[in-house]
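Asker: Quick one: sequence and predicted model below, then my questions.
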Amino acid sequence: MTIKEIEILATKKFGIPTKIEYPYKLCDYKPAYGLLFEEILTGYDFWAQTDIDVIFGEIRAFLDSKTLLNDYIGVRHDYTAGCFFACRNNDRMKTIFMQSKDFIKVFSTSKHYCFDECNFEHQALRDGMSIFDLNCEIESYTYIIRSAERNGLIKAHFDFMIIEGLTGKIKFDRGKLIFRNTWEAMLYHLYYFKDMALIKHKSSTVPDSYRISKTRIY
């Protein structure tokens, strides 16, 4: 779909004028994908979204039957990471983003608010602060999910299943993603890596095993 087509669809689905002037603004819309694309999702138990700069490991080793008892599943312990989260495909989770008092503000302007995560308060949350103690510009998806969890409206799973940054010492081996030969991860988010990596040899196929250093994949 074009950005304009998504904007028209969002205006129809949300019942408010929406504004998407550039691709990165779509990040704000991630919590609303369950409603926005509900016709595509008919018949599925869950819907999920991810980024394109992600390498997945063995997903079902993490999204097992016990984890799938939750309504929201994230890959970080501290905030709703926009690079991946999964939601139960029901009316509550499709529309829970509307619990933010600021959702109309977020969707009716072209400004990017980091709505899918934490309104740019990443470091404070990494440092152990609560989203409820921060003076944010908007009520973000982290705030919404944590509020619903605290009030017993949903079951939420926040767990650290991700590798991010320029860590190096990552190995992909036949579907498994291993860090430092000891810790298995569900995904590697190439947030900084994609801007620094050197590609010396291009392959027409993805190999069964490869390693990721701080500067290259080999």
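Answerer: That came in fine, so what should we check first?

Asker: Helices of the protein, start to end?
Answerer: Taking DSSP state H as the test, the helices found in the chain are 3-14, 26-29, 33-36, 91-95, 103-108, 122-126, 141-150, 193-196.

Asker: so which of these gets nearest Thr80?
Answerer: helix 141-150 (4.7 Å; C-beta to C-beta). Just so you know, the C-beta spots here come from the backbone N, C-alpha and C atoms, and that holds for glycine as well.

Asker: Buried residues of the closest one, list them for me.
Answerer: 141-149 (16 or more other C-beta atoms under 10 Å).

Asker: quick one: low-confidence parts of the chain?
Answerer: 197-201 (pLDDT under 70).

Asker: can you rerun that using 90?
Answerer: 191-207, 215-218 (pLDDT under 90).

Asker: What residues does Ala86 make contact with?
Answerer: Ala86 sits next to 46-48, 63, 72-73 when contact means C-beta atoms under 8 Å, 6 or more residues apart in numbering.

Asker: Is there a quick ChimeraX command that grabs whichever of these are buried?
Answerer: Burial among these is assessed by 16+ other C-beta under 10 Å; the matching ChimeraX selection reads:
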select :46,47,63,72,73
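
Asker: one step back: I'd like the helices of the chain as TSV, with distance to Ala156 appended.
Answerer: What follows is the helices of the chain, written out as TSV (distance: least, C-beta to C-beta, whole Å):
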stretch	distance to Ala156
helix 3-14	23
helix 26-29	20
helix 33-36	15
helix 91-95	10
helix 103-108	19
helix 122-126	15
helix 141-150	4
helix 193-196	29
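
Asker: picking that back up, ok, the buried residues of helix 141-150 vs Lys4, which is closest?
Answerer: Nearest member of those to Lys4, counting by C-beta to C-beta, is Tyr141, at 24.5 Å.

Asker: show me what contacts that closest one?
Answerer: Applying C-beta under 8 Å, 6+ apart, the residues contacting Tyr141 are 30-31, 80, 97, 100, 115-118.

Asker: same thing but 7 Å
Answerer: Residues near Tyr141 by C-beta atoms under 7 Å, 6 or more residues apart in numbering: 31, 80, 97, 115-117.

Asker: now, the most widely separated pair of the residues you listed?
Answerer: Farthest pair in the contacts of Tyr141, by C-beta to C-beta: Phe97 and Glu117, 12.6 Å.

Asker: what about stretch 174-181, how long is it end to end?
Answerer: Distance across stretch 174-181, first residue to last, is 14 Å (C-alpha to C-alpha, to the nearest Å).
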